[in-house]
Structures are given as structure tokens and as C-alpha cells.
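*Asks:* Sequence unavailable; structure follows:
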Ligand code: AHR
């Protein structure tokens, strides 16, 4: 029986409680939310981004062309350009299967070009069946200038190619093709279907730009003095101003980020969808496996000043240095930033906190209205987490970000997690969580868990599932909430759950009590789960059945072991029809990785043997 007392007013639930976390992972930005159709438009791809990359990745050359890095460049932060010989052409392959265009729609082409002696440029949009739009021509003469043309697609295709041909020698940079129909028709805008999926959630906030993206890599800037370093942490000043002056960067997830989708565009997105912007800045410690505290006081001061400048960029008057840039970019009105997070999932809590306090002091002094969010590291338990929480609590920090990725069972079993959190300590921002799959059972477990968040809305103030997006052909992390390729997008059960909660945020918790013990049967909690089904280190004929004897999952390891992953030490491989431990491990847990054909069960098999076969 459930008893509800409507007179007994429980915690107030803020409208901003449920939000989204956007990180440029799984090509969520370039080749994703950022509507640019040309891949590697400024010839900046590098082996620093990905060992398979060259400055001509995604381009093919007919005739002669080379990427040049010399004083003839477009500007100091855009190092490379293409030198195209007379009578030659370059073709871009876009993302996934190619450039996607839809019949009747307009596409805006632009290029920066230089041809002292003059050249005719011819631009064509084609696929293997022929032309996709009438070709366009431009007469180029003199130094660097931008040339523009508009295509109207005559056919729909997802395998388009964009070709730029020159009659005479020319230098090219920033070769770009945008759909006219970006979200809200913004220039340098976002892909409509993906932005609409985010907007349909009515998120209370947008946390951006990461994630590990923020707190990994060098903390240096992109300048001559620091040797134009790549593999930099995400630094907001790299990502604003005219796109051709934005320094591209290596992305920790193994590709290049153009920063065409930068801080201005994030703020604009948040505003367009009525969400509170919530940026994350690096705290001069690296995490996500890199785990290094940067001891450089001048650099720390520079990053603290950058953070103050970011607040000025968002909120400052148009007469201020950074407010003026915001106005020049098209937004004289402020973006009303109220929350900022310093550091992401920091696993050096002591070193992080010493730096966090310096950021916090400086922000509080200049912008006392800002909520400065700290974090509690990568785990939901253990000494790192405990130390982080102790430091945050002792210093009376406003809000602490927690992250955890766990099984559906864990989410079901930990619904009461926040019931015992202190009401006098920092508030909680659950910045990243997911239950390890995109199946219905995951959505269900997350929904159940969210009732526990909501019940504790007096202490859990913000919550966002993670990650938001994945391009199906470039995946570094799963599960993800929304999937896409170059022409379609689709959402998961987790998305539907988030939407359900975000579009039905209550005003207050109505306390209720239940009697009786709910029992869960079936695959979510019962038939499988962590088991010691086999304690030897070699497996064959794995078979899981439910209570009725139906086979839920089986594998004779005659092929590969694609659906299995391991946590723990040691390594594993399929050999002679057995799944074997090939390097010593004290303990290992093997988990089915969620192939939907295998019903997405979390079979966990614990191997405790110490040696190999
Ligand atoms: O959401 C994916 C990653 O998970 C984030 O980048 C990081 O913060 C966490 O480890």
C-alpha cells in the first residue's frame, strides 16, 4: 500500500534540476551537432590528433596539391593551408558516408582563397550518380579573401562529395559547406535534428564542453611562445571569435576538434532552448588517466584570469573587453551565467582542491553571485571520493559534482543514496551517470533511480545523464543518449526517460510511504547478474538461462569475443574455442557488452585464478 500526504510539503524541486551534459566525444561536435558538412576544412588534422591522420585526411587530390605551413598562412592560429596547382582539384568526403544534402534545400559554401595571379575556382557537389546541384564559379585574385556561393540540391544524397577545382595556382583554407537550415537559422549553426532532440527534452541546464575533454592535455595556450602546442585542455578563448581564427586542437577522444562549435555557440544553444548554461573549466590538474598536477603559478593565474574573463564574456557589458567580443559575435545581451564548474572528475583531490580554492576565491571576489561547483572525483566510493568530499565539506563549497557509471542493478539498489546526505553541506550536482546500456531495462533502472534524486531535491540540485551524443561510426564511449549518422538520428530508452522527467518537473516532493516489499523478477535483477558461475580462467560454452530455462545468452567462443569486456587486470583472448586469460590477473570480471541480439544482459563472471591457462 502507498500512503501519500499531500499536506506534508516535501523538498522543492528546481526547474533546472534535470539537464544535459554535452561533451565532444563520439564526434558529437564536428560531424555531429555542429552543422559543418566538410571534414578537416582547414587542413589542420595531424598525427597528434590520431596516428592515422594527415593534413589531407578526408580529402582526395586530382592533379597536384600540398598542405603548406609557412608565413603565407591565413592567420597565425590557423597554421596550415592548401596550395593547389593549376588545373588541379580537391574533393572532400564529409563524415560517415559523405556529405548529406536534401533535394530542394540550400547549402552555403565558403572558402578563403589567395591567388596573386588570379584563378577561376569551380565548386561542385556530386555523388556517384552525378551532380547534386548546379556547379558554382568564383574569380579569385589577390590576397586572402573569403568567397561564397549557394547551392540548391536537386537530389537527396548521403554520399555527396564537395570538389573545388582551380584553373590556376591558388591557396585555399576554411573550405566550408553549411546547410542553410541550421537550428533556429543561426549562422555557424547547429544540425537541426540533433538540436531539436536536445530542445525537446526541455533541459534545465546544459553542462559543457566536457568531461575528460576539459581536464586532459597541456594547459598551455596556442601561441608562438608555447610552441603552438596541440593536445591542449579545452580553453574557452581558443573557441571564440571568427571561426577562421579559432585554433583547432587534438581531442582526447582521438580526433580533431575544429572549435567551430565553441563557447559562443554553446551559450547560444543554451539560450535557444531555455536552459541554464553550465561551463566547466580546467583546474590545472589533469585527470582521466593522465593524473598530473601542474605546478606553475603563472599559468594557474592565467587560467583563473581566463575564468573571470569567461564570466565577463557571458555577462559583462558591451563596453567590457570580453562583453564587446560577445556583442561583435552577435549577442550584445548577456547570457546570464550563474553557475560554473572548476575541474572535471578530478582524481588528485588534494592537489585539485588547492587550485580550486584559488579559482573560487577569485570568482567570489569579483562575481559573488556565481555558484562555483567543485567535484568529487571519478568514483562514488573509495578514498579519493571520501577525501574530495571531506575537503569540499570542510570548506563549505556551494555544490559538488559526482559522476558514476554503474549497472542497472546498482541503480536499483542505490535509490536511497541521497537520503542520508547532509543537508547542511554542499549541494549535489550529479553531472554524469548512466547504467551501462541503452536497453529498456537501463531506462527503467535510471527512472527508478531518478525518483530517489527527486525525493532528495533539497540536496540534489542538478542531474545529467552522460554522454549525450554518439555518431554511430565514431564511437569512443557507450551507452549514449542520442545516436546519429550523417543523415539520421535516433534516441534511446534512456533519452525517453530523461524526457519524461525533464518535461514533467514537479514543484515539490509529496512525501509518501509504502508498505510491502516490491519484488523484481526476470532479467533486470534475477536470472543473471554478478555470478561466480565459473572460477577457472578459461571459458567455453557460456550459457545463461532464465528461471524458465530459456537461453538468454550463449557463446561457444568459436569466433571472436566481441561482446565481452573485462574489468580488472590481465588480458583475455579467444584461443582454440575458449576464452582465456592471457596475462596474469588477480581478479577479473567479464561482462557481456550489451549486443541487443544477446538481450543486453549483464552477465558477470568472476575469475579469481591467478595464472594464465
Ligand atoms: O562521459 C564520458 C566521460 O566519463 C567523461 O568525459 C568523463 O568526465 C567521465 O569519465
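*Replies:* Cool, the structure landed. In this text, all values refer to a predicted model and were calculated from it rather than measured experimentally.
*Asks:* residue farthest from the centroid of the protein?
*Replies:* Most distant from the centre of the chain: residue 117, at 44.2 Å, with distances by C-alpha atoms, centre = their mean.
*Asks:* Run through the helices of the stretch 151-300 of the chain in chain order.
*Replies:* Taking DSSP state H, counting those that start in this stretch, the helices of the stretch 151-300 of the chain run over residues 192-199, 263-272, 297-315.
*Asks:* Kindly compare burial across those helices and name the winner.
*Replies:* Mean neighbours per residue, mean count of other C-beta atoms under 10 Å, is largest over these for helix 263-272, with a mean of 22. Bear in mind the C-beta positions are built from the backbone N, C-alpha and C, glycine included.
*Asks:* Next, format the helices of the stretch 151-300 of the chain as CSV and append mean pLDDT.
*Replies:* Shown next, in CSV, are the helices of the stretch 151-300 of the chain (pLDDT from 0 to 100):
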stretch, mean pLDDT
helix 192-199, 98
helix 263-272, 98
helix 297-315, 98
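*Asks:* Would you mind giving those helices as a markdown table with distance to the ligand added?
*Replies:* Formatted as a markdown table, the helices of the stretch 151-300 of the chain follow (distance: least, C-beta to the nearest ligand atom, whole Å):
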| stretch | distance to the ligand |
| --- | --- |
| helix 192-199 | 16 |
| helix 263-272 | 16 |
| helix 297-315 | 19 |
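*Asks:* Present these as a markdown table; the columns should include distance to residue 169.
*Replies:* Formatted as a markdown table, these follow (distance: least, C-beta to C-beta, whole Å):
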| stretch | distance to residue 169 |
| --- | --- |
| helix 192-199 | 38 |
| helix 263-272 | 35 |
| helix 297-315 | 40 |
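*Asks:* what about the residue farthest from the centre of the chain, helix or strand, and which?
*Replies:* Assigned by DSSP states H and E, residue 117 falls within strand 106-127.
*Asks:* elements contacting that strand?
*Replies:* Under the contact criterion of 3 or more C-beta pairs under 8 Å, 6 or more residues apart in numbering; DSSP states H and E, strand 106-127 touches strand 99-101, strand 136-152, strand 157-166, strand 170-179.
*Asks:* After it, which helix or strand is next? Please name it.
*Replies:* According to DSSP H and E, the helix or strand after strand 106-127 is strand 130-131.
*Asks:* Return the distance of that following strand from the chain's centre.
*Replies:* 35 Å (C-alpha atoms, centre = their mean, to the nearest Å).
*Asks:* for residue 420, what are its contacts?
*Replies:* For residue 420, the contact set (C-beta atoms under 8 Å, 6 or more residues apart in numbering) is empty.
*Asks:* Equivalent analysis for residue 432, please.
*Replies:* Going by C-beta under 8 Å, 6+ apart, residue 432 touches 21, 211, 345, 403-405, 464-467.
*Asks:* switch to 10 Å and redo it
*Replies:* 21, 23, 207, 211, 344-345, 378, 401-405, 463-467 (C-beta atoms under 10 Å, 6 or more residues apart in numbering).
*Asks:* what bits of the stretch 351-500 of the chain have low per-residue confidence?
*Replies:* Of all residues in the stretch 351-500 of the chain, none has pLDDT under 70.
*Asks:* follow-up on the earlier one: for the strand holding residue 117, which residues meet the burial criterion?
*Replies:* Neighbour counts over strand 106-127 (16 or more other C-beta atoms under 10 Å) mark 107, 109-115, 119, 121, 123-127 as buried.
*Asks:* Which two of those residues have the greatest separation?
*Replies:* For those, the maximum inter-member distance is 29.7 Å, found between 114 and 127 (C-beta to C-beta).
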